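**Q** no sequence on this one, just coordinates:
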């Protein structure tokens, strides 16, 4: 098999619609690209890549390479690349940016290539060729750890969770966290003031925070029981409301949640 026979699985990330459309156009014209999924920012990109942890490097959500803008709101492209580099099967990274002053930092996070906007088709094709050759050589997303490999120990938190953003460490009180969503090898902690990404499995938080009143309502979500304002039953569907967020409850977790809420309400009434 040659590089021209590789059907690359691509995630394209840019918060500016015209730039994302141009990127999708160029990717769609290259015969070495098999599938392309667009993402309008880092949060959506992490949600897409979350399938990697569930399906493995050959699963439906697997991605070989991320074409990634740098200047974006929230997490910038460099920060996102660092997070992706910690995944069990990290995708390759190609930066696509209008700024040439991030090149050194880009290659510090092991980017395959660094493309400057406006994109030139020949230069873009060269970047795709590099990616295809690396994937063909087995240097794309690494396979998951072999059976029997001990898991990385989950951090133990006290009353606060340290989160890092842009080189600054903040300490988020667990009491402020309303719910937690799994995003691949990471967990996104939601508070009334925003959200934060930490590298810890949702199952580890479920074990640690059960005594703090957190309960699983879905395979990818924990909620703080005391933060639930409404439980809604609509036909066979169950949801809970936390502030302005309405979250789905899986059928397997619905009965336990109703029992826990009843006991929680009874305890408040005493």
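**A** Noted; the coordinates are in hand. Since we're looking at a predicted model, the values are computed, not measured.
**Q** Spit out the contact partners of residue 95.
**A** 68, 69, 70, 77, 81, 102, 106, 111, 113, 114, 115 (C-beta atoms under 8 Å, 6 or more residues apart in numbering). The C-beta positions use only the backbone N, C-alpha and C, and glycine is treated the same way.
**Q** So for the third one, what's the nearest residue that isn't a sequence neighbour?
**A** Right, the one you point to is residue 70. Using C-beta to C-beta, 6 or more residues apart in numbering and skipping residues adjacent in sequence, the residue nearest residue 70 is residue 77, 3.8 Å away.
**Q** Pretty sure the one you found sits against residue 83.
**A** No - counting by C-beta atoms under 8 Å, residue 77 stays clear of residue 83, with 10.7 Å between them.
**Q** who has more neighbours, those two?
**A** More neighbours surround residue 77 than the other of residue 77 and residue 83, with 26 against 21 (other C-beta atoms under 10 Å).
**Q** quick one, what contacts the more buried one?
**A** 13, 42, 68, 69, 70, 71, 95, 97.
**Q** Buried subset of these, written for ChimeraX?
**A** The ChimeraX selection below is limited to those of the contacts of residue 77 classed as buried (16 or more other C-beta atoms under 10 Å):
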select :13,42,68,69,70,95,97
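**Q** and the two most separated of the contacts of residue 77?
**A** Spatially, the most separated pair among these is 42 and 97, at 14.2 Å (C-beta to C-beta).
**Q** can I assume residue 257 is in contact with residue 239?
**A** No - in this structure, residue 257 is not within contact of residue 239 by C-beta under 8 Å, at 10.6 Å.
**Q** The nearest residue to residue 113 once chain neighbours are set aside: neighbouring residues, count only.
**A** In this structure, residue 113 finds its nearest non-sequential neighbour in residue 127, 4.2 Å apart by C-beta to C-beta, 6+ apart. For residue 127, the number of neighbouring residues by other C-beta under 10 Å comes to 21.
**Q** where does residue 127 land in three-state SS?
**A** The assignment at residue 127 comes out as helix when based on DSSP: H, G, I helix; E, B strand; the rest coil.
**Q** quick one, strands of the stretch 151-270 of the chain?
**A** In order along the chain, the stretch 151-270 of the chain carries the following strands (DSSP state E, counting those that start in this stretch): 160-165, 168-173, 179-183, 186-191, 194-198, 214-218, 221-224, 230-234, 237-242, 245-249.
**Q** name the helices or strands packed onto the shortest one?
**A** Read that as strand 221-224. Where contact means 3 or more C-beta pairs under 8 Å, 6 or more residues apart in numbering; DSSP states H and E, strand 221-224 is packed against strand 179-183, helix 202-209, strand 214-218, strand 237-242.
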